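In: no sequence on hand, only this structure:
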């Protein structure tokens, strides 16, 4: 129903353009109807610099719609032009006659940034994903002029982003792993800043540190690791295990029935040579595996 | 335009996990044992043929590490052979290093007696076992962050005609002269 409403509105706007006869906006609309968006863009760009047409909100709205359609082949630049056009449409709409419709245009086009963030997550393009998500959020304030509470969305997004970075460590070289784990930890930390009792983020940080400590040990060169090197790696890995411990403990407090967190704590206490704690979690793990 | 809002539901918890518990202690012990092999001098008659590292006991984690990393490689001109033993009777009497896992620790006294004239570096992993005849004993250094470490009994080494490099004693948590 919402979709029909937008289409009806667009028709209304564009019927209104007939009044312009064969001005640039009218020509642009003709090409738009023929789905010839490139030619439509040429004429609408002339319209928005024309003294007669540049202060007409409908002209700017049509420009936004045309450029929105060009995004499929022209990329993000076209989307940005579409957004700028809708913003201008709002600016010249001094009586707020089209305020609701323009707000809808802007809301809908901004959702594309969120969808991009999700699509980039699926593709493993995680930096681009976060960038798109931040643009989506930033546009609420700067363009949509809406005071929106993103807390729950941030908690979910950064928890998922952390998980995606974590998963990426299985696809990268050893030299890249530390960077990837740090990215995972940073993302999970953003979730924890908003929700300190979030199980996934606590577990994610804890296990990221555990894996880094274990990786340091497993990646030691068996022939070139002399006694000093063993000592150095022990210091570094202990530091990692100790950093991970409080997060896994908190995750265990939040959800003591998750086998993965019990396994993580078993691994950490085993590696820290803390026998009492190790035996406690090892027994718990064995019971869970029965 | 068809507006589609994608959701994150497919990405939520459970998408990442640890790959299991890594036996970090076994990795360290195998690295230490290799270092011991390079920092101890054996008598001349032990410097030819294979360099034999025996592991005696039920826990095979250290054996697995040693075998995977060092079997077929060399110490000097000697090829390393790693052998697992569940019975004392199969242990070659020209074994260079014999690592006795915790479950077989009690056997150290008999090894100490039976291997008196042999140059086998006896290694245990139980507190107090230097006094029972081990040359090197793996211990946890509680004063230094519970680090995996080792202690040495130089007199036991002498009994087996083994010369311990000073670097090995310097980094030991305890040295018995």
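Out: Nice, thanks for sending it over. Keep in mind the model is a prediction, meaning the values are calculated, not measured.
In: what about the longest helix in chain B?
Out: In chain B, assigned by DSSP state H, the helix with the most residues is helix B:24-39.
In: for chain A, same thing?
Out: Secondary structure of chain A per DSSP H: the longest helix is helix A:227-254.
In: sorry, back to before: could you give the angle of the longest helix of chain B to helix A:227-254?
Out: Taking axes from the mean of the first three to the mean of the last three Cα atoms, to 10 degrees, one finds helix B:24-39 and helix A:227-254 inclined to each other by 170 degrees.
In: quick one, strands of chain B?
Out: B:40-41, B:51-56, B:74-75, B:78-85, B:97-100, B:121-124, B:136-141, B:147-153, B:163-164, B:174-176 (DSSP state E).
In: nearest to residue A:72, of those?
Out: strand B:147-153 (59.6 Å; Cβ to Cβ). Placement of C-beta: from N, CA and C, glycine included.
In: what pLDDT does residue A:5 get?
Out: For residue A:5, the model assigns a pLDDT of 49.
In: repeat that for residue A:146.
Out: 87.
In: from residue A:103, how far off is it?
Out: Applying Cβ to Cβ, to the nearest Å, the value for residue A:146 to residue A:103 is 8 Å.
In: so where's the chain shaky on pLDDT?
Out: If you meant another chain, say so; for now it's chain A. Along chain A, segments meeting pLDDT under 70 span A:1-22.
In: let's do chain B instead
Out: Looking at chain B by pLDDT under 70, you get B:1-20.
In: and stretch B:41-53 with chain A, contact?
Out: No: Stretch B:41-53 does not reach chain A (Cβ under 8 Å from any Cβ of the partner chain); its nearest approach is 13.0 Å.
In: how long is that stretch end to end?
Out: End-to-end distance of stretch B:41-53 (Cα to Cα, to the nearest Å): 15 Å.
In: check contacts around residue B:175.
Out: B:151-154, B:169 (Cβ atoms under 8 Å, 6 or more residues apart in numbering or on different chains).
In: my bad, residue A:150
Out: A:137, A:140.
In: coming back round to it: the longest helix of chain B vs strand B:51-56, what angle?
Out: Going by the same axes, to 10 degrees, helix B:24-39 makes 150 degrees with strand B:51-56.
In: any residue of helix B:24-39 touching chain A?
Out: Yes: Helix B:24-39 is in contact with chain A by Cβ under 8 Å from any Cβ, via B:24-25, B:27-28, B:30-32, B:34-35, B:39.
In: show the buried residues in these.
Out: B:24-25, B:27-28, B:30-32, B:34-35, B:39 (16 or more other Cβ atoms under 10 Å in any protein chain shown).
In: for residue A:68, which non-adjacent residue is closest in space?
Out: Nearest residue to residue A:68, sequence neighbours excluded (Cβ to Cβ, 6 or more residues apart in numbering or on different chains): residue A:82, at 4.2 Å.
In: now name the helix or strand holding that neighbour.
Out: Under the criterion of DSSP states H and E, residue A:82 resides in helix A:76-92.
In: tell me which residues in that helix are buried?
Out: A:78-79, A:81-83, A:85-90, A:92.
In: coming back round to it: ok, the contacts of residue B:175 vs chain A, which is closest?
Out: residue B:169 (10.8 Å; Cβ to the nearest Cβ).
In: which non-adjacent residue is nearest the closest one?
Out: residue B:175 (4.9 Å).
In: quick one: list the elements packing against the next helix or strand after the longest helix of chain A.
Out: Per DSSP H and E, the first helix or strand lying C-terminal to helix A:227-254 is helix A:259-271. Under the contact definition 3 or more Cβ pairs under 8 Å, 6 or more residues apart in numbering or on different chains; DSSP states H and E, helix A:259-271 sits against helix A:199-218, helix A:227-254, helix A:275-289, helix B:24-39.
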